[in-house]
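Asks: what's the 3D shape of this:
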Amino acid sequence: MQPRQQLTLKEVQVAILVWEGLTNRDIASRLQTTEQVVKNYLRNTFDKLGVWSRLELALYVASHGGARWKDELGFSEEENSLAPTA
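Replies: Next comes the predicted model:
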């Protein structure tokens, strides 16, 4: 099993948004949650992927086909939404 496959849907969403350059506050707003919840997702994601920082996470996503992550998970391409499409 690849490390990415261990991530939950929310962890993948947060990883994609970090890769796109959003701040924790922006991510929390986009996902309609709190910054603390985003920090929790990040901590879990860091542990699962073996990275130590947002930069390393962004590089991981970029080097592991981040552009395809949205498509594979059925995320919409709308700028303001990472909700799965129906």
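Asks: in the lowest-mean-pLDDT helix or strand in the chain, what's buried?
Replies: Across the helices and strands of the chain, mean confidence by mean pLDDT, DSSP states H and E is lowest for helix 66-73: a mean of 79. Of the residues in helix 66-73, Gly66, Trp69, Lys70 count as buried by neighbour count, 16 or more other C-beta atoms under 10 Å. In short, each C-beta sits where N, CA and C put it, glycine included.
Asks: repeat for stretch 18-30
Replies: Residues of stretch 18-30 classed as buried by neighbour count (16+ other C-beta under 10 Å): Val18, Trp19, Glu20, Leu22, Asn24, Ile27, Ala28, Arg30.
Asks: Surely Leu17 touches Ala28?
Replies: No. Counting by C-beta atoms under 8 Å, Leu17 does not reach Ala28; the two are 9.9 Å apart.
Asks: Contacts only, for the residue nearest the centre of the chain.
Replies: Closest residue to the average C-alpha location of the chain: Ala15 at 2.0 Å, with C-alpha atoms, centre = their mean. The neighbours of Ala15, taking C-beta atoms under 8 Å, 6 or more residues apart in numbering as the test, are Leu7, Thr45, Leu49, Leu57, Tyr60, Val61, Gly66, Trp69.
Asks: Show me where the chain has its helices.
Replies: 9-19, 24-31, 35-49, 54-63, 66-73 (DSSP state H).
Asks: closest one to Pro3 among the ones you listed?
Replies: Comparison of the helices of the chain against Pro3 by C-beta to C-beta identifies helix 35-49 as nearest, at 5.0 Å.
Asks: what number of residues lie near Leu9?
Replies: Here the number of neighbours of Leu9 (other C-beta atoms under 10 Å) works out to 11.
Asks: And the pLDDT at it?
Replies: We have a pLDDT of 92 for Leu9.
Asks: which secondary structure elements does the least confident helix or strand of the chain contact?
Replies: helix 9-19 (3 or more C-beta pairs under 8 Å, 6 or more residues apart in numbering; DSSP states H and E).
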